[in-house]
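Colleague: all I have is the shape, not the residue letters:
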């Protein structure tokens with residue numbers, strides 16, 4: 001008995017030492033990060049870079065940005081560039097887009113294939129084109145500079161995968177802090193449509209459904225669907241991030257998992273076989289929605305539902321909302337010649353690298369791809385930096 005007690009005490013001591021080590025490391029990493037930010041805020045970027053290098057060595061999972069430069073091997077290959085990326089990201093988060101662009105450029109000089117820096121730089125430059133009060137020659141120069149970063153504004157699969165692999169560990173906690181509710185808004189819209197259809201057809205949506213959750217992340221949509229009276233026989237989880245899928249596998253509601261982007265994943269699903277396709281907060285990572293609409297239409301059965309959220313472009317425009325419906329003149333202002341262009345294309349890139357879409361643009365695509373709009377709603381999908389981020393919720397039915 002005495003031997004057993006000594007063994008237990010010894011193991012307890014080891015556990016305590018390990019726990020203390022983790023706590024000490026966490027406190028030290030936080031102090032290093034705060035020092036880096038303080039140096040950066042005082043214009044001492046060289047000293048900040050040294051602190052960021054220490055931070056990555058000390059705690060490579062300190063936050064999503066640090067985790068990204070570590071997981072992508074950027075830190076192993078280009079230590080200075082990895083730290084410069086953290087400088088750029090900090091400027092970016094704090095709204096200093098000029099300095100953010102400056103350091104994203106420096107990162108790409110050392111590591112031209114680093115997808116996170118490339119897309120962030122492009123988004124900052126294009127945001128400036130769309131929103132800054134500049135002369136037309138300066139705007140055109142900024143646009144050409146953005147194009148030199150990449151021919152397509154659409155974020156690469158590598159960017160999305162890298163970003164969410166790094167974010168997965170923090171995702172659900174972060175969503176709580178942001179009061180994220182896109183998945184709840186979708187479910188509420190689906191319930192409303194379900195109840196409305198039952199009034200006209202008692203058999204509507206009564207049988208067990210084949211459901212696909214595109215961009216399932218860690219499985220927040222599965223949690224939300226389990227709270228409503230919606231029967232399903234299959235719930236397929238699709239995500240491009242293996243780290244996100246790893247966490248989604250803990251959700252018992254999912255019956256199948258597919259790793260890949262939107263189009264390639266839906267190609268693996270039989271046409272005319274899906275009753276409900278949901279995509280919560282996925283469209284903000286797509287500029288043009290035509291391919292998403294087309295591939296979704298192909299897998300849905302006739303009468304199948306396509307429910308998704310978009311970030312509201314109208315909330316980001318410098319001018320009041322102007323409809324871009326077909327056949328209507330677009331209201332514009334000579335003080336902002338790009339207003340008409342934004343409305344005409346129906347989407348715009350935001351400074352944070354996401355995309356916002358105009359409600360009328362989605363309406364046009366719904367008609368083009370043989371959908372009927374069953375329901376559309378508006379409201380805040382999350383809060384960020386003390387401000388609500390408005391979005392639109394759509395429930396479409398395949399004709």
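Modeller: Cool, the structure landed. In this text, all values refer to a predicted model and were calculated from it rather than measured experimentally.

Colleague: if I look at residue 257, how far off is residue 222?
Modeller: If you measure residue 257 against residue 222 using Cβ to Cβ, to the nearest Å, the figure is 11 Å. Where you see a C-beta, it was placed from the backbone N, CA and C, and this is true even at glycine.

Colleague: which residues touch residue 279?
Modeller: Residue 279 sits next to 213, 214, 215, 262, 292, 307, 308, 309 when contact means Cβ atoms under 8 Å, 6 or more residues apart in numbering.

Colleague: list the contacts of the second one.
Modeller: I take that to be residue 214. Residues in contact with residue 214, defined by Cβ under 8 Å, 6+ apart, are 238, 262, 265, 266, 277, 278, 279, 282.

Colleague: let me know the closest of these to residue 232.
Modeller: Comparing the contacts of residue 214 against residue 232 with Cβ to Cβ places residue 278 closest, at 10.8 Å.

Colleague: more crowded one of residue 257 and residue 222?
Modeller: A side-by-side neighbour count of residue 257 and residue 222, using other Cβ atoms under 10 Å, places residue 222 first with 21 against 15.

Colleague: that one sits in which helix or strand?
Modeller: Counting by DSSP states H and E, the element that carries residue 222 is helix 220-225.

Colleague: tell me which residues in that helix are buried?
Modeller: Of the residues in helix 220-225, those buried by neighbour count under the rule 16 or more other Cβ atoms under 10 Å are 220, 221, 222, 224, 225.

Colleague: am I right that the second one is in contact with residue 213?
Modeller: Yes - the pair residue 221 and residue 213 qualifies as a contact (Cβ atoms under 8 Å) at a distance of 4.9 Å.

Colleague: need the overlap of contacts for these two.
Modeller: Residues touching both residue 221 and residue 213 (Cβ under 8 Å, 6+ apart) are 278, 280.

Colleague: now for residue 257 and residue 222: what residues contact both?
Modeller: Looking at what touches both residue 257 and residue 222 (by Cβ under 8 Å, 6+ apart), the common residues are 237, 248.

Colleague: what about the closest residue to residue 350 other than its chain neighbours, distance to residue 289?
Modeller: Nearest non-adjacent residue to residue 350, counting by Cβ to Cβ, 6 or more residues apart in numbering: residue 356, 5.9 Å away. Taking Cβ to Cβ as the measure, residue 356 falls 12 Å from residue 289.

Colleague: those two - which one has more neighbours?
Modeller: With other Cβ under 10 Å as the criterion, residue 356 and residue 289 differ in neighbour count, and residue 356 comes out ahead with 24 against 21.

Colleague: confirm the more buried one sits in a helix?
Modeller: No - inclusion of residue 356 in a helix is not indicated when DSSP: H, G, I helix; E, B strand; the rest coil is applied; the result is strand.

Colleague: my read is residue 309 is in a helix, agree?
Modeller: No - in this structure, residue 309 is strand, not part of a helix, as judged by three-state DSSP.

Colleague: what's the weakest-modelled helix or strand in the chain?
Modeller: Within the chain, confidence by mean pLDDT, DSSP states H and E is lowest for helix 338-345 among all helices and strands, at a mean of 60.

Colleague: may I see the buried residues of the helix or strand hosting residue 383?
Modeller: In this structure, residue 383 sits in strand 371-384 according to DSSP H and E. If you call a residue buried by 16+ other Cβ under 10 Å, then strand 371-384 has these buried ones: 371, 374, 375, 380, 381, 382.

Colleague: pull up the pairing partners for that strand, direction included.
Modeller: For strand 371-384, the paired strands and their directions (DSSP bridges) read strand 387-398 (antiparallel).

Colleague: about what we covered before: and the buried residues of strand 371-384, which is closest to residue 117?
Modeller: Each of the buried residues of strand 371-384 was checked against residue 117 using Cβ to Cβ; the closest is residue 382, at 24.5 Å.

Colleague: contacts only, for residue 191.
Modeller: Residues in contact with residue 191, defined by Cβ under 8 Å, 6+ apart, are 228, 230.

Colleague: switch the cut-off to 10 Å
Modeller: Residue 191 is in contact with 227, 228, 229, 230, counting by Cβ atoms under 10 Å, 6 or more residues apart in numbering.

Colleague: ok, it to residue 371 distance?
Modeller: Distance from residue 191 to residue 371, counting by Cβ to Cβ: 20 Å.

Colleague: over to residue 30?
Modeller: Summarising the geometry, the distance separating residue 30 from residue 371, computed by Cβ to Cβ, is 49 Å.

Colleague: likewise residue 84?
Modeller: Applying Cβ to Cβ, one obtains 45 Å for the distance of residue 84 from residue 371.

Colleague: check residue 197 too.
Modeller: In this structure, residue 197 and residue 371 are 16 Å apart, going by Cβ to Cβ.

Colleague: can you select the buried ones among the contacts of residue 214 for me in PyMOL?
Modeller: To isolate the buried ones among the contacts of residue 214 in PyMOL, judged by 16+ other Cβ under 10 Å, type:
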select buried, resi 238+262+265+266+277+278+279+282
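
Colleague: can you flag which of the contacts of residue 214 belong to strands?
Modeller: Among the contacts of residue 214, DSSP state E puts 238, 277, 278, 279 in strands.

Colleague: now render the residues you listed as JSON lines, adding pLDDT.
Modeller: Converted to JSON lines, the ones in strands among the contacts of residue 214 look like this (pLDDT from 0 to 100):
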{"residue": "238", "pLDDT": "98"}
{"residue": "277", "pLDDT": "98"}
{"residue": "278", "pLDDT": "98"}
{"residue": "279", "pLDDT": "98"}
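
Colleague: quick check: which ranges of the stretch 251-399 of the chain have low pLDDT?
Modeller: Residues of the stretch 251-399 of the chain that meet the criterion pLDDT under 70 lie in 317-344.
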